[in-house]
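Asks: Sequence first, predicted model second:
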Amino acid sequence: MFCSLARNLTEEEKKGYKEVCWDDKEVCAFYMVRFCPHDLFVNTKSDLGACPRIHDLKLKESFEKSPRHDNYVPKFEAELAQFCEKLVMDLDRKVRRGRERLAQEDITPTPPVSAEKSEQLSILEEKIKKLLEQVESLGEAGKVDEAEALMRKVEMLNAEKTLMTQQATNERGLTLTQEKKMALCEICGSFLVANDAAERTQSHITGKQHIGYGMVRDFISEFKETI
Ligand SMILES: [Zn+2]
Ligand SMILES: [Zn+2]
């Protein structure tokens with residue numbers, strides 16, 4: 001009788017039917033004891049998705065009022081600390097990789113000239129070489145005027161070549177200084193632009209990602225002090 005009744009209930013009714021208690025597995029212990037990390041990074045790069053367990057203010061209150069509360073806090077906090085430590089470990093690994101990347105880009109002496117540019121350069125060099133050969137044979141043949149005319153052409157091409165090389169160097173210089181200005185936030189692992197405008201630095205510090213990881217790190221160090 002009881003079972004058949006339960007089977008006829010809709011999902012919605014079943015929820016109300018079955019009394020959920022704060023110590024049920026499907027209730028979020030993180031949320032009740034402190035904060036749930038799933039709530040911290042919504043819509044950021046570190047979004048953890050929705051928490052699979054129930055967050056409910058009433059359950060949290062009944063946990064706080066429960067005579068078993070004090071016995072459960074250390075257990076719940078230990079679980080939360082473990083979860084937080086995994087988050088931070090993953091993040092620190094990411095930060096380390098990011099820092100290695102930054103360091104590598106810093107020491108890379110000169111990124112290669114673009115394929116297009118080097119193609120143009122080698123065509124120019126080939127032209128100059130051929131002209132010089134012609135100048136030489138003209139000179140040997142005693143055709144001084146013609147040799148001089150060709151020589152002026154060579155000089156023009158040489159100037160063009162210098163300009164092209166300079167442009168390539170300037171472009172490289174630009175990307176290098178841009179890379180050098182990058183830094184990594186030690187708290188949340190975000191890439192920052194050193195010398196960035198104050199308001200952008202501010203929006204990073206007040207952003208979910210930075211505050212979230214700040215909370216996670218603070219909780220870990222607080223937890224470590226208590227054990
Ligand atoms: Zn949760
Ligand atoms: Zn940060």
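Replies: Yep, that arrived. Ligands and ions are numbered 1, 2, ... in the order given.

Asks: how far away is K117 from E126?
Replies: To E126, K117 is 15 Å away according to Cβ to Cβ, to the nearest Å. Yep, even glycine has a C-beta here, placed from its N, CA and C like the rest.

Asks: The two: which is more packed in?
Replies: K117 (15 against 10; other Cβ atoms under 10 Å).

Asks: name the element that one belongs to?
Replies: Per DSSP states H and E: K117 is located in helix 115-140.

Asks: what about that helix, distance to the chain center?
Replies: 47 Å (Cα atoms, centre = their mean, to the nearest Å).

Asks: Remind me what that helix packs against, helices and strands.
Replies: For helix 115-140, the packing partners by 3 or more Cβ pairs under 8 Å, 6 or more residues apart in numbering; DSSP states H and E come out as helix 144-180.

Asks: Could you point out the helix or strand that follows the helix it packs on?
Replies: Later in the chain than helix 144-180, the nearest helix or strand by DSSP H and E is strand 182-184.

Asks: domain parsing for this structure?
Replies: In terms of domains, the chain is parsed into 16-101, 115-180, 182-211 (source: automatic domain parsing).

Asks: Would the last one count as contacting ligand 2?
Replies: Yes - judged by Cβ under 5 Å from the ion, domain 182-211 comes into contact with ligand 2 through 185, 187-188, 190, 210.

Asks: and which of those residues is nearest to T226?
Replies: Lowest distance from T226 to these (Cβ to Cβ) belongs to I187, with 21.8 Å.

Asks: Over to the closest one. Which of the three states is it?
Replies: Secondary structure state of I187, per DSSP: H, G, I helix; E, B strand; the rest coil, is coil.

Asks: Tell me how many other residues surround it.
Replies: By other Cβ under 10 Å, the residues close to I187 number 20.

Asks: need the contact list for it.
Replies: 210, 213-214, 217 (Cβ atoms under 8 Å, 6 or more residues apart in numbering).

Asks: Quick one: find the helix or strand in this structure with the lowest mean pLDDT.
Replies: Here the helix or strand of the chain ranked lowest by mean pLDDT, DSSP states H and E is helix 2-7, holding a mean of 39.
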